[in-house]
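Engineer: Just the structure for this:
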Amino acid sequence: MEKLITLFKNNKTLFRFMALSYLDKAIIFLLPLLVFQFFKDQLVYVSIEYIYSITTVIIPLIDLGLSGYFFYAYRNSKNHNETLKTFVKSFQRLYLLLSIIGLGFIAVNYYSFEYQPLIVFIVSRLLFVLATVFFASYYRLTNRPEKAVYITLFSNVLSLSFIFAYFFSGLEFSLWLIFIGQILFAIFYLFKCIIDIFFRDSEGVKYIEIKGIFVNALLFSWPSIIQVFIMMYIANYGKLNALNSMSLDEGTLLSLTQRSSMLIQLTHASILAFLIKEIYVAKDILSIQKGILFKYLIILIMATLGALTLILGYVFYVKSDFDINRTVLVIFCIISYTFLWCISAFFEVYYGRENKNKFKLYLAIINGMSFILIFNIIDGGFLEKTVIAMPISVLVSLLCSLLILKKRNYYLQ
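Structural biologist: You can find the predicted model right below:
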């Protein structure tokens, strides 16, 4: 108990940042659940989770490794301020290009094929997440991590306000309510990029330097890009196929459980966002600081217990019409998978610190191969095969990661 009290006292800034981050993430977490509770439409809920999932899978591919390379370039830069400015200029050009491609894709789909309205929401969310991921890195390096949270918080509060307004007014639900804040931000930042690129900093821009950043980012991050894509595809495999390979009850159960397990991932992301600079600037590149690891594990375990309590309470006391045995299996497997995935992701930060991202790729391949193997040898339905394969495959990957760190002479300091 004394250690826990000391932990809180010595890390007030961390927990203040985490509180703000949790407020934002709580709204993100609640938005689809509120839609499900208010409007009682399983198909709409599963569709929302599908949009979130496909965005998560695609983001690593369109980021081009820029956010991941940002910390490494900053650490090795002689002029930190100049590095920050150059990365912002580079990102704005990437955002503008992707916005044009996204708008073109929407137009082609609208005029040439049977129009799918989900595409608008997928494109807008991709641009929104792309920007907020970059801002999280930028403001963390400028020691103002809360500013990135304010951006997402405003967008999510706006969407939340519309949902409440529509519900209490008795109006018909529309997916626009969920994504209105993200759409508006994506449009706003697009105009800002246009103004900055063509009217503010058009002079003195070294395009060779910007090109060099993208080339170096790809060379640095390509293993991570493939690795994150594989990991995210596995994590979202069930929800990506929920509309085609599961019943609505199965898709809803899986989506609800994975949404609850987001508490673990959000805790992981919040504390890692706060600690990552401290990890990267450590003098001994082969050391794993006990203090950092202790803080991380304690908070992660607390979040895991919270997520487990939440989903058990919701499933058995709010929506109790699921099969009990199947429900227990799904909850146990998804919570275990998420906990193990977070620990694996924490240790993989050290590979990035020494520019050994190839190990991340090897681990992702091991994870993917394990998932495919286990999925195909297990008898049962699509849902059961998916949730059983997930924790086993990530456990294999985590054990291999720890073995690699040991072989590379990493040690606790």
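
Engineer: got the contact list for F87?
Structural biologist: Neighbouring residues of F87 by Cβ atoms under 8 Å, 6 or more residues apart in numbering: 66, 70, 73, 138, 213. Glycine gets a C-beta too; all of them are placed from N, C-alpha and C.

Engineer: Those residues: which two are farthest apart?
Structural biologist: Greatest spacing in these, by Cβ to Cβ: Y138 and I213 (13.7 Å).

Engineer: Flag every buried residue along whichever strand or helix holds I59.
Structural biologist: Using DSSP states H and E, I59 sits within helix 42-62. By neighbour count on 16 or more other Cβ atoms under 10 Å, the buried set for helix 42-62 is 44-60, 62.

Engineer: Next: stretch 178-191.
Structural biologist: For stretch 178-191, by 16+ other Cβ under 10 Å, it's 178-186, 189-190.

Engineer: quick revisit: just the contacts of F87 now: which is nearest S247?
Structural biologist: L66 (40.2 Å).

Engineer: what residue ranges in this protein are flagged as low confidence?
Structural biologist: By pLDDT under 70, the low-scoring segments of the chain are 1-15, 113, 201-205, 318-321.

Engineer: From the centroid of it, which residue is nearest?
Structural biologist: Most central in the chain under Cα atoms, centre = their mean is T56, positioned 6.4 Å from the mean C-alpha point.

Engineer: Pull out the buried residues from the contacts of F87.
Structural biologist: With burial judged by 16+ other Cβ under 10 Å, the buried subset of the contacts of F87 is 66, 70, 73, 138, 213.

Engineer: If you tally nearby residues, what's the number for the nearest residue to P117 once chain neighbours are set aside?
Structural biologist: In this structure, P117 finds its nearest non-sequential neighbour in L175, 7.2 Å apart by Cβ to Cβ, 6 or more residues apart in numbering. Neighbourhood size, L175 [other Cβ atoms under 10 Å]: 16.

Engineer: separation between L175 and I151?
Structural biologist: Note on L175: its distance to I151, by Cβ to Cβ, to the nearest Å, is 22 Å.

Engineer: N81: helix or strand, and which one exactly?
Structural biologist: helix 80-112.

Engineer: Now do that helix against helix 42-62, angle only.
Structural biologist: 130 degrees (axes from the mean of the first three to the mean of the last three Cα atoms, to 10 degrees).

Engineer: Name the residues of helix 80-112 that are buried.
Structural biologist: Buried residues in helix 80-112, counting neighbours by 16+ other Cβ under 10 Å, are found at 83-84, 86-87, 89-96, 98-99, 102, 106, 109.

Engineer: ok, and for the next helix or strand after it, which residues are buried?
Structural biologist: Downstream of helix 80-112, the first helix or strand assigned by DSSP H and E is helix 118-141. Neighbour counts over helix 118-141 (16+ other Cβ under 10 Å) mark 119-141 as buried.

Engineer: what does the domain assignment say about this structure?
Structural biologist: Following automatic domain parsing, one gets these domains for the chain: 27-219, 236-413.

Engineer: export these to TSV and tack on distance to S21?
Structural biologist: TSV is the format used below for these (distance: least, Cβ to Cβ, whole Å):
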stretch	distance to S21
domain 27-219	5
domain 236-413	4
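
Engineer: hmm, back to that, list the helices and strands the helix holding I59 packs on?
Structural biologist: Secondary-structure packing of helix 42-62 (3 or more Cβ pairs under 8 Å, 6 or more residues apart in numbering; DSSP states H and E): helix 12-39, helix 118-141, helix 207-235, helix 237-240, helix 242-245, helix 248-280.

Engineer: can you put those helices in TSV and add distance to I377?
Structural biologist: Output for the helices and strands packed on helix 42-62, formatted as TSV (distance: least, Cβ to Cβ, whole Å):
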stretch	distance to I377
helix 12-39	33
helix 118-141	33
helix 207-235	16
helix 237-240	16
helix 242-245	18
helix 248-280	21
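
Engineer: Restrict stretch 173-187 to CA atoms and write it as PDB.
Structural biologist: In PDB, the C-alpha atoms belonging to stretch 173-187 read as follows (Å, rounded to 0.1, in the frame of the first residue of the first chain):
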ATOM      1  CA  PHE A 173     -30.800   8.100 -35.300                       C
ATOM      2  CA  SER A 174     -28.200   8.600 -38.000                       C
ATOM      3  CA  LEU A 175     -24.600   7.600 -38.200                       C
ATOM      4  CA  TRP A 176     -23.700  11.200 -38.800                       C
ATOM      5  CA  LEU A 177     -24.300  11.800 -35.100                       C
ATOM      6  CA  ILE A 178     -21.300   9.600 -34.200                       C
ATOM      7  CA  PHE A 179     -18.900  11.100 -36.700                       C
ATOM      8  CA  ILE A 180     -20.000  14.700 -36.900                       C
ATOM      9  CA  GLY A 181     -17.200  16.000 -34.700                       C
ATOM     10  CA  GLN A 182     -14.600  14.000 -36.600                       C
ATOM     11  CA  ILE A 183     -15.900  15.100 -40.000                       C
ATOM     12  CA  LEU A 184     -15.900  18.800 -39.000                       C
ATOM     13  CA  PHE A 185     -12.300  18.500 -37.600                       C
ATOM     14  CA  ALA A 186     -11.100  16.700 -40.800                       C
ATOM     15  CA  ILE A 187     -12.600  19.500 -42.900                       C
END
